[in-house]
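Student: Build the 3D model from these lines:
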Amino acid sequence: MHAGKPIVLPGQTAATAKLPIVCTPLVGCTRDAVLAEVRQVTPKKPDLLEWRVDFFDGIGNHADVVALATDIRNAAGGIPVLFTRRSSREGGEKIALDEAAVLAMYAAVMESRTIELIDYEMVNDAAHIAQVRAISKANGIQLVLSFHNFQATPSCQELCDKFELAQNLGGDIAKVAVMPQRLEDVLTVLSATLASSQKLDIPLISMSMGAYGSLTRLFGWTCGSAMSFAVGAASSAPGQVPIEDLHAVLEILNKSLAPKK
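Tutor: Next up is the predicted model:
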């Protein structure tokens, strides 16, 4: 029993796709550190790896980025990869690249076809979003359009508007991540996710961050969130739980919510 639409990964159909899929971040600063994370994480069987390239100290060289994306693919044992440059204004690491250079890097990685999904923030210029959309579509890569607020939780209507904006901008998947200041904020995220999952045509990803927010990572999928991020080696955001704990909770909830025969 759940709401929402699943994210369909390679080799799946809408009927066979898992909900939620479990994604673990790769946040190493060097090639060796990233590949060590891949070796540590893959035995834990995540459904997806997210390479947070803003942590990578070679981000300024597109050839190095593409080479490492290729290495990750080869080491991942068939686990798909989500490629993300999280901007510092939305909680990412500071990098010495302007947006034109980021777009060039995105184009190089997408055209190498070493990834399956790519994340780009809705705060960016509409023309830049359209550019990423066009290249991702040409290369068969799903576009996650995202919004992050590390200070607070906007209203339910504002969050619903963000989900709808992602669809209107052509995103394949909409993502919202916000910071709760009180327990009621967690309910706001869940309510917005449920309402939007019943209205929109694309899969949604939502989460609260921090200690309160860990609740959304454990059962947000029952309200329509199609993905949960979990720690395999190191976390990329506050409130992520170990992948072993998430798998255990998902098993319990799936068993409890399964239709009774």
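Student: from here on, contacts and neighbour counts on C-alpha atoms
Tutor: Noted.
Student: wouldn't residue 26 be in contact with residue 33 here?
Tutor: No. With the criterion set as CA atoms under 8 Å, residue 26 and residue 33 do not qualify as a contacting pair; they are 9.0 Å apart.
Student: of the two, who's got more company?
Tutor: Per other CA atoms under 10 Å, whichever of residue 26 and residue 33 has more neighbours is residue 26, with 28 against 14.
Student: That one and residue 48, how far apart?
Tutor: Residue 26 sits 11 Å away from residue 48 when distances are taken as CA to CA, to the nearest Å.
Student: Quick check: closest non-adjacent residue to residue 112.
Tutor: The shortest distance from residue 112 to any non-neighbouring residue, by CA to CA, 6 or more residues apart in numbering, is to residue 66 (7.0 Å).
Student: no, scratch that, I was asking about residue 91
Tutor: In space, residue 91 comes closest to residue 150 once its chain neighbours are excluded; the distance is 6.5 Å by CA to CA, 6+ apart.
Student: what do you get for residue 115?
Tutor: With sequence-adjacent residues excluded and distances taken as CA to CA, 6+ apart, residue 115 is closest to residue 81, at 5.1 Å.
Student: how about the one you found, what does it touch?
Tutor: For residue 81, the set of contacting residues under the criterion of CA atoms under 8 Å, 6 or more residues apart in numbering consists of 48, 49, 50, 51, 73, 114, 115, 116, 117.
Student: any idea which of those is closest to residue 181?
Tutor: When these are compared for distance to residue 181 (CA to CA), residue 50 wins out at 26.6 Å.
Student: That closest one reaches residue 23, doesn't it?
Tutor: Yes. Under the criterion of CA under 8 Å, residue 50 lies in contact with residue 23, with a separation of 6.6 Å.
Student: Name the surrounding residues that touch the host helix or strand of the residue nearest to residue 112.
Tutor: The secondary structure element spanning residue 66 is helix 62-75 (assigned by DSSP states H and E). Outside of helix 62-75, the residues that reach it under the criterion CA under 8 Å, 6+ apart are 31, 35, 38-39, 53, 58-59, 79-81, 104-105, 108-109, 112, 114-115.
Student: Quick one: buried ones out of these?
Tutor: 31, 35, 38-39, 53, 58-59, 79-81, 105, 108-109, 114-115 (16 or more other CA atoms under 10 Å).
Student: And the nearest residue to residue 105 once chain neighbours are set aside, how far from residue 172?
Tutor: The spatially closest residue to residue 105, leaving aside those adjacent along the chain, is residue 62, at 5.5 Å (CA to CA, 6+ apart). Residue 62 sits 25 Å away from residue 172 when distances are taken as CA to CA.
Student: what do you get for residue 83?
Tutor: In this view, residue 83 and residue 172 are 14 Å apart by CA to CA.
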